[in-house]
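>>> Show me the folded form of this:
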Amino acid sequence: MLKPWLDSQRAKSIYSGLTSRFARTSGVVLALLCLGILLIFLALSLYAHPADVDDFCLANEFKAFGIFGGLVRYYMIWNGVYTTTFLAGAIPNLFDYLVIYKFLPMTILLLTVFATARCIGAICRLDCFPAWPYLVGVGFTVLFLAIMQSVVTGFYWFDGAVTYQLANIILVGMVTLIIRIFDDDGGKAQQTRRIYYLGLLIVIGMGCTETVMVEMFVLMNGVSLWQLFVSTERRRAWTVLLALTYICFLVVALAPGNAGRSAHILAVYSDQHTGIEFLASVQDSIYYGTMELLRLLTLPYLWWSTLIVVILFSRYGRRLGSFRKIRSIHVLIAIGVCLMVPVVLQFPWQLMHSGPTHPRTENAITFGFLFSWFCTWALITFRYWSYKKPVLSVQPPVALYRLAYGAACLALSITFVGNSNITLAYSDLVSKAYAYDQYMQQRYVKLKAAAGRGERSVTIKLYRELPTTISISEVNGNMAGANLRTCIGLYFGFESMNIE
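Presented below is the predicted three-dimensional model:
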């Protein structure tokens with residue numbers, strides 16, 4: 001008796017309604033959870049403070065030698081990443097550093113969401129919800145926060161944020177502009193503006209960090225050479241962009257300061273090789289890159305979010321512009337590039353340092369992999385698994401899409417709730433951040449008062465209960481000692497600081 005009823009139209013209607021409600025509810029829960037998690041990290045930025053490591057050091061360099069003089073001096077003695085050096089040294093001297101610093105992590109976080117959303121919006125359009133690119137951008141940012149090696153070096157340590165995460169944002173912006181240029185939507189004037197903007201992003205982005213510079217260099221070489229030898233459109237513009245890429249690459253790579261930094265690293269860490277040992281750098285890149293790739297591929301967050309993206313794109317996605325012309329060769333190239341990203345991006349670090357990668361560099365590698373991973377799955381979906389052209393000859397029922405989507409959203413929500421980075425951020429916000437902020441504000445008042453009295457040395461106590469999500473270290477790397485020459489001390493005008 002039950003089987004006829006199950007086959008009836010009413011039973012099918014009830015089943016369809018339940019699966020639809022399940023998918024919608026799970027999606028809303030995940031969206032609200034991601035927004036809530038993002039708000040936690042945005043709120044934490046209001047309690048962030050500059051680190052004695054690098055943040056105050058570069059500020060002192062620019063204060064002593066001026067903006068242009070500090071930039072040139074750092075280029076000559078340490079490294080060639082001119083964008084990072086300029087931003088990390090100029091901002092503290094152009095604004096009230098202790099006030100504006102609280103808004104810098106927030107800005108980098110929101111720029112990550114915005115850049116990702118704009119890129120997704122350039123790839124395809126989902127007809128189900130107008131603001132979907134921004135929700136996906138929030139989800140992508142939260143996913144990155146959940147799996148990155150070090151949140152503090154990625155967003156809340158300004159020198160690390162402008163070195164790596166700003167470079168990641170610019171890379172996403174470059175990809176978005178390239179897609180728009182290929183799509184050829186808009187008039188000639190608009191396309192010309194996009195080419196100029198792309199050139200500007202090349203100049204800024206190549207000067208952020210050697211790690212992401214490799215991605216930009218490969219991207220611009222691939223796209224420009226394709227346009228020059230396969231296409232006949234805008235050859236002059238792509239020639240200029242390619243030349244600009246090589247000029248910026250050489251400016252960074254041939255900086256006199258790179259040799260000085262390598263010598264310093266070799267002197268301090270005698271067990272590390274330098275760039276002279278090229279083959280050793282390649283071997284280390286393969287080893288550490290493979291380990292990172294395996295780590296990322298075993299994360300449940302990655303697969304649940306991938307399933308969500310594939311279902312959204314296959315069920316509701318409408319391809320735009322050049323993504324209508326996807327070939328199998330494009331998919332194979334994308335897969336190869338995606339799997340090589342963790343290995344290739346290890347190379348700049350291994351060339352200069354060797355050994356396990358610094359967490360802030362690992363963050364950039366993770367972001368590069370995530371971005372290429374989801375772009376690859378977008379290509380796979382549009383090429384082989386759109387709803388109107390499924391891989392299988394039998395079209396999957398709509399209810400199956402709904403059940404899979406709802407289950408993936410629910411599973412991803414559960415894994416986010418138990419994630420160590422997210423739970424630590426929440427714990428820091430509710431139990432440590434306010435007290436840390438109050439202590440630091442009192443310290444600044446004491447330092448300014450002592451400097452106003454003309455004192456040349458001052459005594460401070462280390463703060464022990466650091467909120468590790470937003471504080472990378474205390475004064476002089478959390479080490480207590482006597483008469484230390486610290487960057488924060490020099491910033492306030494002291495020759496030395498006694499640290500208890």
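>>> C-alpha only now, for contacts and for neighbours.
OK.
>>> so where's the stretch 101-250 of the chain shaky on pLDDT?
Regions of the stretch 101-250 of the chain meeting the criterion pLDDT under 70 cover residues 125-130, 184-186, 231-232.
>>> at 80 instead, please
Along the stretch 101-250 of the chain, segments meeting pLDDT under 80 span 123-131, 183-187, 230-234.
>>> Spell out, range by range, the strands that occur in it.
Ranges of strands in the stretch 101-250 of the chain, per DSSP state E, counting those that start in this stretch, are 124-126.
>>> residues contacting the most centrally placed residue in the chain?
The centre of the chain sits closest to residue 165, judged by C-alpha atoms, centre = their mean, with a distance of 4.1 Å. Neighbouring residues of residue 165 by C-alpha atoms under 8 Å, 6 or more residues apart in numbering: 108, 154-155, 364.
>>> Mind checking which of these are in helices?
If you go by DSSP state H, the contacts of residue 165 have 108, 364 in helices.
>>> among the contacts of residue 165, who's most crowded?
When neighbours are taken as other C-alpha atoms under 10 Å, the top entry among those is residue 154 (29 neighbours).
>>> Tell me, how many residues neighbour the closest residue in space to that residue that isn't next to it in sequence?
Nearest non-adjacent residue to residue 154, counting by C-alpha to C-alpha, 6 or more residues apart in numbering: residue 161, 5.1 Å away. Using other C-alpha under 10 Å, residue 161 has 26 other residues around it.
>>> for residue 152, same thing?
Per other C-alpha under 10 Å, the neighbour tally for residue 152 reads 23.
>>> Need the contacts of residue 165 in a markdown table (columns: distance to residue 418).
Listed next are the contacts of residue 165 as a markdown table, based on distance: C-alpha to C-alpha, whole Å:
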| residue | distance to residue 418 |
| --- | --- |
| 108 | 25 |
| 154 | 21 |
| 155 | 21 |
| 364 | 24 |
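>>> Which of the contacts of residue 165 sits closest to residue 139?
residue 108 (15.5 Å; C-alpha to C-alpha).
>>> Is it correct that that closest one is in contact with residue 164?
No - using C-alpha atoms under 8 Å, residue 108 is not in contact with residue 164, being 10.6 Å away.
>>> between the two, what contacts are shared?
With contacts defined as C-alpha under 8 Å, 6+ apart, no residue is shared by residue 108 and residue 164.
>>> Verify the contact between residue 239 and residue 223 for me.
No - here residue 239 lies out of contact with residue 223, judged by C-alpha under 8 Å, at a distance of 10.7 Å.
>>> ok, the residue nearest to the centre of the chain to residue 336 distance?
The spacing between residue 165 and residue 336, counted by C-alpha to C-alpha, to the nearest Å, is 24 Å.
>>> coming back round to it: ok, now which ones touch the residue nearest to residue 154?
Contacts for residue 161 (C-alpha under 8 Å, 6+ apart) come out as 105, 108, 153-155.
>>> What are the phi and psi values at residue 460?
Residue 460 adopts backbone torsions of phi -130, psi 160, taken as degrees, to the nearest 10.
>>> what does residue 50 give?
When read as degrees, to the nearest 10, the backbone of residue 50 gives phi -60, psi 150.
>>> Test my guess that it contacts residue 103.
No - at 11.6 Å, residue 50 does not count as touching residue 103 under the criterion of C-alpha under 8 Å.
>>> Count the residues that sit near residue 135.
Neighbours of residue 135 under the rule other C-alpha under 10 Å: 19.
>>> residues in contact with it?
31, 117.
>>> gap between it and residue 172?
Separation of residue 135 from residue 172 (C-alpha to C-alpha): 17 Å.
>>> same deal with residue 58?
Per C-alpha to C-alpha, residue 58 is found 27 Å from residue 172.
>>> Quick check: buried residues in stretch 23-37?
Neighbour-count burial for stretch 23-37 flags 23, 26-27, 29-31, 33-34, 37 (criterion: 16 or more other C-alpha atoms under 10 Å).
>>> picking up where we left off before, comparing residue 50 and residue 103, which shows the higher neighbour count?
residue 50 (23 against 16).
>>> for this structure, longest helix please?
When the chain is parsed with DSSP H, its longest helix is helix 9-44.
>>> From the contact counts, what lies against it?
helix 104-123, helix 132-147, helix 398-417, helix 420-431 (3 or more C-alpha pairs under 8 Å, 6 or more residues apart in numbering; DSSP states H and E).
>>> got the angle for the second one vs helix 104-123?
Read that as helix 132-147. Interaxial angle, helix 132-147 versus helix 104-123 (axes from the mean of the first three to the mean of the last three C-alpha atoms, to 10 degrees): 130 degrees.
>>> what about the nearest residue to residue 426 once chain neighbours are set aside, neighbour count?
Once flanking residues are discounted, residue 426 sits nearest to residue 40: 6.5 Å by C-alpha to C-alpha, 6+ apart. Residue 40: 17 surrounding residues under other C-alpha under 10 Å.
>>> distance of residue 40 from residue 106?
Distance, residue 40 to residue 106, using C-alpha to C-alpha: 11 Å.
>>> same question, residue 162
Residue 162 is 13 Å from residue 106, where distance means C-alpha to C-alpha.
>>> Who has more neighbours out of residue 58 and residue 172?
A count of neighbours by other C-alpha under 10 Å puts residue 58 above the other of residue 58 and residue 172, at 26 against 23.
>>> which SSE is that one in?
Applying DSSP states H and E as the criterion places residue 58 in helix 55-65.
>>> ok, then the element right after that helix?
Note on helix 55-65: by DSSP H and E, the next helix or strand toward the C-terminus is helix 67-77.
>>> Name the residues that touch that next one?
Outside of helix 67-77, the residues within contact range by C-alpha under 8 Å, 6+ apart are 61-64, 80-82, 85-86, 89-90, 255-258, 260-261.
>>> Mind doing that once more with 7 Å?
By C-alpha atoms under 7 Å, 6 or more residues apart in numbering, the residues outside helix 67-77 that reach it are 61-62, 85-86, 90, 255-257, 260.
>>> With neighbour count added, can I get the residues you listed in JSON lines?
Shown next, in JSON lines, are these (neighbours: other C-alpha atoms under 10 Å):
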{"residue": "61", "neighbour count": "20"}
{"residue": "62", "neighbour count": "24"}
{"residue": "85", "neighbour count": "25"}
{"residue": "86", "neighbour count": "21"}
{"residue": "90", "neighbour count": "22"}
{"residue": "255", "neighbour count": "19"}
{"residue": "256", "neighbour count": "17"}
{"residue": "257", "neighbour count": "21"}
{"residue": "260", "neighbour count": "15"}
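>>> which one of those sits closest to residue 380?
Closest to residue 380, out of all of those and judged by C-alpha to C-alpha, is residue 85, at 39.3 Å.
>>> Need the per-residue pLDDT for the closest one.
Here the pLDDT value assigned to residue 85 is 91.
>>> and if you look at residue 426?
So, for residue 426, pLDDT stands at 96.
>>> where's it relative to residue 470, distance?
Counting by C-alpha to C-alpha - residue 426 and residue 470 are separated by 12 Å.
>>> For the two, indicate the residue with more neighbours.
Taking other C-alpha under 10 Å, residue 426 and residue 470 do not tie; residue 470 has more neighbours (28 against 19).
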